[in-house]
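Participant: just a sequence and a predicted model for now, questions to come.
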Amino acid sequence: MQKLGLIAGGGGLPVEIARHCERSGRPLFVIRLKGFAGDSLADYAGAEVGLAELGKCLKALKRAGCRSICLAGNVARPDFASLMPDLRGLTLLPKVAAAARRGDDAMLRVLIGEFEKEGFAVEGAHEVMDDLSLPAGLLGACAPAVDDLADAHRALEVARAIGRLDVGQAAVVAHGLVLAVEAQEGTDAMLARVADLPAHLRGRAGAGAGVLAKAPKPIQETRVDLPTIGLATVQGVARAGLAGIVGEAGRLLVLDREATIATADELGVFILGVEPPPAS
C-alpha cells in the first residue's frame, strides 16, 4: 500500500484515519497542523507544520516517502496577515488569499493543486476508509415520521442552496420553517442557536420535531471537507429538540460510528441517508 501523508487539523476525523491505517497496516506519516491537530496524533511518525509552511510540509512528506495525501480535520480560516510563511508558502499566499475571497472551496482547490503539481495523489477520507460514509437508508433503530420526511426534504434543499453560494453545509427545518443555516460558526454552534429558539418552533425531548440536513456544496471538491456528523452532532440535535439528521449517501462522513448510532438510538434521533441528486 502507498504510504499516506495525513495532513491533520482538529477533531475526530484525522484520528479515525490514523487508527484505520494502523489497523490495516498502511504506512502513515502525519503532518500535524500547529494549533489544530490534537495531542492524540502526537505518537504517530510525523512533523508539526504551520499553516503557511508549505515548503516544510512538502519536504517532510517527500522525505518520509509519501505518495498520497489526505487532508482531514477542522481548520479555521486564518488571519492571513498573521501567518508566518516559509519561502514556498510566501510565494503561494497571495493566490490562496485571493481564492479565499471567492469561498472556502476555491481556496481548497488552490491548495490541492499545489500538492498535485508536486506529484502527490489526493485521497478523500471516504476513499481511505470506505466504511466511513453514510449509507442509503436508516442508520440505527429510529425512523422518521411523515412530517419529518417533509422537513428532511426541505432542509436538504436549503443546505444545497447555501452550498451553491459557498456559505455552509447545513440547515435546520422544523414544521416546514427554516430555523437556521450554517455559516462560519459550524454545525455545533448552529444547533446551540436552535436550542435557544422558542419551544413551539421545534420539538422537545421525547417529542422531537425538525431535521438537521448536511450536504456537500455542489461545487465542492469532495476529496476534502465533506460534511461530517458524530456524537456531538447527535447530542446537539437532541438538545435542540429535533427529530433527526439527513444527509446524502456516500457524501456525509459518520465519525465514531458505533457510538454515534448507539447514542442516536438512546436519544431517539434518526439518521437517514438519501441518494444524492444526479449530477447536472
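Facilitator: Thanks, I have it. Everything quoted here is computed from the prediction, not taken from an experiment.
Participant: contacts for stretch 84-99?
Facilitator: Residues from elsewhere that reach stretch 84-99 (Cβ atoms under 8 Å, 6 or more residues apart in numbering): 50, 52-56, 58, 80, 83, 106-107, 109-111, 114. To be clear about C-beta, it is placed using only N, CA and C from the backbone, and glycine gets the same treatment.
Participant: show me which pair in the residues you listed is furthest apart.
Facilitator: Greatest spacing in these, by Cβ to Cβ: K56 and A106 (24.1 Å).
Participant: what about these two, which has more around it?
Facilitator: Between K56 and A106, counted using other Cβ atoms under 10 Å, K56 has the larger neighbour count: 19 against 16.
Participant: V49 is in contact with that one, correct?
Facilitator: Yes: the pair formed by K56 and V49 meets the contact definition of Cβ atoms under 8 Å, at 5.4 Å.
Participant: just checking, L226 touches L253?
Facilitator: Yes: between L226 and L253 there is a contact at 5.4 Å, judged by Cβ under 8 Å.
Participant: how many neighbouring residues does R101 have?
Facilitator: For R101, the neighbour count with other Cβ under 10 Å is 8.
Participant: how near is it to F80?
Facilitator: Using Cβ to Cβ, to the nearest Å, R101 is found at 10 Å from F80.
Participant: starting at the chain centroid, how far to the helix or strand of the chain with the lowest mean pLDDT?
Facilitator: Of all helical and strand segments in the chain, the minimum by mean pLDDT, DSSP states H and E falls on helix 104-117, at a mean of 88. Taking the mean of its C-alpha atoms, helix 104-117 sits 17 Å from the chain's own mean (Cα atoms, centre = their mean, to the nearest Å).
Participant: what's the first helix or strand after that helix?
Facilitator: strand 121-122 (DSSP states H and E).
Participant: what are the boundaries of the helices in the stretch 51-200 of the chain?
Facilitator: Using DSSP state H, counting those that start in this stretch, the helices found in the stretch 51-200 of the chain span residues 54-63, 87-100, 104-117, 125-128, 146-164, 187-195.
Participant: G10 is nearest to which of the ones you listed?
Facilitator: Closest approach to G10 among those (Cβ to Cβ): helix 187-195, 12.5 Å.
Participant: from the chain's centroid, how far away is stretch 75-88?
Facilitator: 21 Å.
Participant: in it, what's buried?
Facilitator: Neighbour-count burial for stretch 75-88 flags V75, L83, P85, D86, R88 (criterion: 16 or more other Cβ atoms under 10 Å).
Participant: repeat for stretch 188-200
Facilitator: Quick answer for stretch 188-200 (16+ other Cβ under 10 Å): M190, L191, V194, A195, L197.
Participant: how about these in CSV, adding pLDDT and distance to G241?
Facilitator: Shown next, in CSV, are the buried residues of stretch 188-200 (pLDDT from 0 to 100; distance: Cβ to Cβ, whole Å):
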residue, pLDDT, distance to G241
M190, 96, 14
L191, 97, 10
V194, 96, 8
A195, 94, 7
L197, 93, 9
